[in-house]
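Visitor: here is the input, now give the coordinates:
(3 chains)
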Amino acid sequence: MIRFIARRIFLETIPALLVIATITFFLIRLAPGGPFSTEKSISVEVLNQLNSHYGLDKPLLTQYFLYLSKMLTIDFGPSFKYPGRTVTELIAESFPVSLELGLYALIIALVLGILSGMIAASKPSSIRDYLTMSVSMTGICIPSFVLGPLLVLIFSLKLGLFNVSGWNTASDRILPALSLGMVYVAYISRLTRGSLLETMVQDYIRTARAKGLSEKIIIFRHALRGAILPVLSFLGPAAAGLITGSFVIETIFSIPGLGRFFVTAAFNRDYTMIMGTVVFYALIMIFFNTIVDILIAFLNPRLRSTLK
Amino acid sequence: MKTKSINAGNSLWREGMQRFLHNRLAVSGLVFLLFMITLCIAAPLLTSYSYESQKLSSGATSPGASHLMGTDVLGRDLFTRVLYGGRVSFSVGLCATLVSVVIGVCWGSVAGWCGGKVDSVMMRIVDIAYAFPFTIFVIILMVFFQRSLLLLFMAIGAVEWLTMARIVRSQVMALRHQEFIDAAIGLGLSHPKIILRHILPNITGPVIVYATLTIPAIMLLEAFLSFLGLGVQPPASSWGILIREGTEAMEEYPWLLLFPGAILSLTLFSLNFIGDGLRDALDPKSSRE
Amino acid sequence: MKKLGLLILLPVICFIQCGSKSTPVENGIKKGILHYGNQTEPQDLDPHIVTGVPEFHIIQSLLEGLVIPDPVNLQPLPGAASSWEASEDNLNWTFHLQSNGRWSNGDPVKASDFLFSFKRILSPALAAEYAYMLYCIENAEDYHKAKIDDFSKVGVKAPDDSTLIIKLGKPTPYFLSLIMHHSWFPVHPPTILKHGNIDTRGTKWTRAENFVGNGQFTLATWQINRIITVRKNEQYWDAANVSLKEINFYPIDNNLTEERAFRTGQLHITSGLPSQKIDWYKTNKPDELRIDPYLGTYYYLINVTRKPLDNKKLRKALSLAINRDELTEHVTKGGQIPAGCFTPYNTAGYSFDTVLRFDPAEAKRLLAEAGFNDKNPVPTFSLLYNTLESHHTIAQAIQQMWKEHLGIEVTLINQEWKVYLASTNSKDYDIARMGWISDYNDPNSFLDLWVTGSGNNRTGWSNLTYDSLIDAASRASDQSIRYGHFKEAESVLMDELPIIPIYFYTNVYLLHPSVKGWHPNILNIHNYKFISLE
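Guide: A predicted model of the protein is given here:
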């Protein structure tokens, strides 16, 4: 197990991060428009000072190696856009919020997704099946930037049940998590339905039925365990995407998360912030994929050997 | 002696088609989709307005006799904009999917066929690409390349090919070890020919299914880019732009969101139903009654 | 299944707010807490480094300059200085500081603190973008550009703790308006030095636990992207006259979200208003809608180094073909004023005539005079703007106008903000959209933009008569003479038209009726001392 993790870190994670950091570094330097252009012109002297303060006047390769070496100590430098803050600090403050939002969205997605998948699979090709699958697909057929405001319009403005924005009270979590999670409900319910249908026709289920067990116990205790695997392997990339791709939701609901920084950093040409968020995202992705791989291997005894 | 591997799949296709036609959701989806595409292609015949001519003094008006779906804030006819926008959205969806299919299939077949070190390296690249945040990448690309439609397709397609490559690779790997392929190699057929003639036709099923399911994802991505102001540029319209404009004026002029939103949603539903239906129909393992 | 459904619904119901609670706005009125929609997370709270308006809103609560603007007429009122006088030639200004002026940690506010602060913003290493606001001080520019390194040569002296003497390099009639800007604000020297050198950029001194200021409020909390809270500073010299107890600044980026927050009683003030909502508020809640004139001009830059735009008559024709009234009434809808010249009317009492108008017949005539006709049509050129819906609709409308009245084809190009800035800076455009918001209340802020070689003059236009007129105005101390020079200069500008003014800005936002003491003024400066909640 230790060897598995060690192999992951050294053979996969670090080279991956290196490649990603390098590509990003050179790519963003290519984009026109620098971090310091403003509408009111800056004098040449001030511009030169800024460039030298942030080390942008050194040759490109020197900047690159300096940057890499700092990265090893988790020092991504100060943000260009927010001079008094370091990138690490900005990420550290906003990530927990995105993590919380992502977790709630994930829970909603899992609960609603698995439930609807189960309902649909219990009577395939029936009205129940069609209806449930249609409803669960709302998330991928209505963009989140429409769903969010719609939910706000109905539940906050007309019904007055929630705040329209903010991340303060417990109830503030609900609408954003719902808007974010709906996308994944569709995928999860589809996966659950599909793999349940596959599992339900297996022999061991037939045996359980012959034994006289109720349909409910069969689904919950036997079928679901096997059917969960594809859902789990989908979770890896989904989780990372939830946590970091929430820009739209964070903007609409005014949530102080990390997703915002991804987009605004690129628009601001905040080089250090872009690098920091890209590398961080890659780390999260790899981390979640590793966890999911370990989970899957645990659940599927046939794969346990890969853990060694 | 020509091999008849296509024939071997014939009855599978026919069976698949029958199963598909029995799936009411999938069929209704197909009908709607074809209807929408026809409407969009026939746009110039259906409306005399241009999608960009404004009438500032009238502003947004609700649906009525002269404007089937009403007008937007600049006095532009919404029905026209929806139709022309559909052209853009469909072409973005189709082309980007095509790009991702082509890249994904090539990549995945080479990796799956060669196996060993080549496969290792190729899939490692895919893994690394997976860890790259799409948003930043596309933003940087769109900003850098000055926003042409072509680059939009390529940028989006360049992200979606990853999963396609994975799927193709696993299919190709499974096929590679089957006997009829060994036979073909033994007969001395060149590897590219084998891939083209024998492997590819047999993976068309999953590829088509996944492609059909990619189109809606891409259309949503285009909508997201429009939300950021990076997608298709005005005065051209796309459903993404219309939906964004509609969401912003949702309370004042609800028809601006209602029509494009409903049409986009129905189209996406249709594509998803078709994709699901295709998968159920072509994959002999699933949906056993 | 049903049981499961109920199980899920239960915690959801618990979370929902039931019963009527008072909104933050109502609470705020009772407790003297102002809820302020501040548009975006501030870059920093260091007055010498920041450049944006949202930053200024917060900084003006924490720090106070020598003078503060009267909320109605923007005349200078005592701030950190209780009185001041100027020498005969208006070059030597003496400020007498408040005797009971204190920093929030109890330290007295000394004249040397101001010396330190001016030195700081003029230090080259700090790379302050607004350092040029202090260039009117003798030798300040040389010090900032590192031509001299002895700050004692710069024209500021602190002969004793409560007297500050500023010596100007040349008469600056708008000096008192200039020093209201945050670049002139003082900072607390021991706090600065505790966290770095005088000229170290981006230190931790602005954090809530470190910030020391001489303003009406102190920094209580700063949660990034969430909220910034400032609380009344009892050390402030005029604390007795400050009625607000606390201000909460919310960095809400999305103006639709902000409007919803205002509607549900979360905010007293918003930073703007989406244009499609203006009509609704005009009809239903006119007492909450504010449309205040704002000192700024929206205009189109013309790259006069490129053909065919080097032709003056063509430029004039383009301007005459724009129906500014229709634009402001049907497109922008925010009560903007169609621009008849470049400097907004009544800028510190200066008003130029309305020379720009809509006259398509005259435009066609000028076009023909310029040598363009069917055989020699105007070649297609491009119109550049940065990605924003409002710029786009205006550009489209104007594109149509030029086509309809002059038969000219124009391609629209929109670029993302940074790219657009780079393009305009490097003159890589034909016509580009621009806006200029003034930092101080004087026509000079607008007219000195077009001097040859000015950093903000991205048109490539150069006119020696214009330059000499602006220079003459800067030397004149009599206002009527000054304004006379400005008028001559502006008529040169309006004759040559290297820029096409479109409209004068207004500030459109929402204000809860409980906010008292908030007066519209063209610089949109609302000092919190005069504000109360009822």
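Visitor: got the residues of the stretch 101-250 of chain A near chain C?
Guide: The stretch 101-250 of chain A has residues A:111, A:115, A:119, A:149, A:152, A:156-157, A:160-167, A:169-171, A:173-174 near chain C, with proximity defined as Cβ under 8 Å from any Cβ of the partner chain. Any C-beta I mention is one placed from the backbone N, CA and C, and that applies to glycine too.
Visitor: let's see that with 10 Å instead.
Guide: The stretch 101-250 of chain A has residues A:108, A:111-112, A:115, A:118-119, A:122, A:148-149, A:152-153, A:155-157, A:159-174, A:178, A:216, A:248, A:250 near chain C, with proximity defined as Cβ under 10 Å from any Cβ of the partner chain.
Visitor: confirm that residue C:93 sits in a helix.
Guide: No: Residue C:93: not assigned to a helix; according to DSSP: H, G, I helix; E, B strand; the rest coil it is strand.
Visitor: got the contact list for the spatially closest residue to it that is not a sequence neighbour?
Guide: Spatial nearest neighbour of residue C:93, chain neighbours left out: residue C:166 (4.6 Å); criterion: Cβ to Cβ, 6 or more residues apart in numbering or on different chains. The neighbours of residue C:166, taking Cβ atoms under 10 Å, 6 or more residues apart in numbering or on different chains as the test, are C:66, C:84, C:86, C:91-95, C:114, C:118, C:134, C:136-138, C:140, C:154-157, C:175, C:179, C:184.
Visitor: in chain A, which ranges drop under the pLDDT threshold?
Guide: A:222, A:226-227, A:236-237, A:240-241, A:243-245, A:300-308 (pLDDT under 70).
Visitor: break it into its domains for me.
Guide: Listed domain ranges for chain A are A:2-71, A:90-307 (source: automatic domain parsing).
Visitor: tell me which of those sits most buried.
Guide: Of those, the one with the most neighbours on average (mean count of other Cβ atoms under 10 Å in any protein chain shown) is domain A:90-307, at a mean of 20.
Visitor: adding distance to residue C:34 as columns, could you present the domains of chain A in JSON lines?
Guide: Converted to JSON lines, these look like this (distance: least, Cβ to Cβ, whole Å):
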{"stretch": "domain A:2-71", "distance to residue C:34": "29"}
{"stretch": "domain A:90-307", "distance to residue C:34": "17"}
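Visitor: list the residues that contact the closest residue to chain C within the stretch 1-150 of chain B.
Guide: Across the stretch 1-150 of chain B, the shortest distance to chain C (Cβ to the nearest Cβ) belongs to residue B:56, at 3.8 Å. By Cβ under 10 Å, 6+ apart, the contact set of residue B:56 is B:73-75, C:323, C:326-327, C:329-331, C:393, C:396-397, C:400.
Visitor: and for the nearest residue to residue C:163 once chain neighbours are set aside, the neighbour number?
Guide: Spatially, and ignoring its direct neighbours in sequence, residue C:163 is nearest to residue C:111 (5.7 Å; Cβ to Cβ, 6+ apart). By the criterion of other Cβ atoms under 10 Å in any protein chain shown, residue C:111 has 23 neighbours.
Visitor: distance check, residue C:111 against residue B:112.
Guide: According to Cβ to Cβ, to the nearest Å, residue C:111 stands 79 Å off from residue B:112.
Visitor: in stretch C:431-448, what counts as buried?
Guide: By 16 or more other Cβ atoms under 10 Å in any protein chain shown, the buried positions in stretch C:431-448 come out as C:431-434, C:436-448.
Visitor: swap that for stretch C:172-183, sorry
Guide: C:172-183.
Visitor: distance from that stretch to the middle of the chain?
Guide: How far stretch C:172-183 lies from its chain's middle: 14 Å, per Cα atoms, centre = their mean, to the nearest Å.
Visitor: now stretch C:184-202
Guide: Worked out by Cα atoms, centre = their mean, stretch C:184-202 lies 25 Å from the chain centre.
Visitor: what does stretch C:261-271 give?
Guide: That offset, for stretch C:261-271, works out to 22 Å (Cα atoms, centre = their mean).
Visitor: convert the C-alpha atoms of it to PDB, please.
Guide: What follows is stretch C:261-271, C-alpha atoms only, in PDB (Å, rounded to 0.1, in the frame of the first residue of the first chain):
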ATOM      1  CA  ALA C 261     -29.400  41.700  -2.400                       C
ATOM      2  CA  PHE C 262     -30.600  45.300  -2.300                       C
ATOM      3  CA  ARG C 263     -34.200  44.300  -3.100                       C
ATOM      4  CA  THR C 264     -34.200  41.700  -0.200                       C
ATOM      5  CA  GLY C 265     -33.000  44.300   2.300                       C
ATOM      6  CA  GLN C 266     -29.300  43.200   2.500                       C
ATOM      7  CA  LEU C 267     -27.700  46.400   1.300                       C
ATOM      8  CA  HIS C 268     -28.300  50.100   1.800                       C
ATOM      9  CA  ILE C 269     -26.300  51.100  -1.200                       C
ATOM     10  CA  THR C 270     -25.300  49.400  -4.400                       C
ATOM     11  CA  SER C 271     -22.400  50.100  -6.700                       C
END
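Visitor: mean confidence score for that stretch?
Guide: Stretch C:261-271 shows a mean pLDDT of 94.
Visitor: okay if I get the buried residues of stretch C:172-183 as CSV plus secondary structure?
Guide: Output for the buried residues of stretch C:172-183, formatted as CSV (three-state DSSP):
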residue, secondary structure
C:172, coil
C:173, coil
C:174, coil
C:175, helix
C:176, helix
C:177, helix
C:178, helix
C:179, coil
C:180, coil
C:181, coil
C:182, helix
C:183, helix
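Visitor: quick one: which of these is nearest residue C:53?
Guide: Nearest to residue C:53 among these, counting by Cβ to Cβ, is residue C:182 at 10.3 Å.
Visitor: not counting sequence-adjacent ones, nearest residue to that closest one?
Guide: residue C:47 (4.3 Å).
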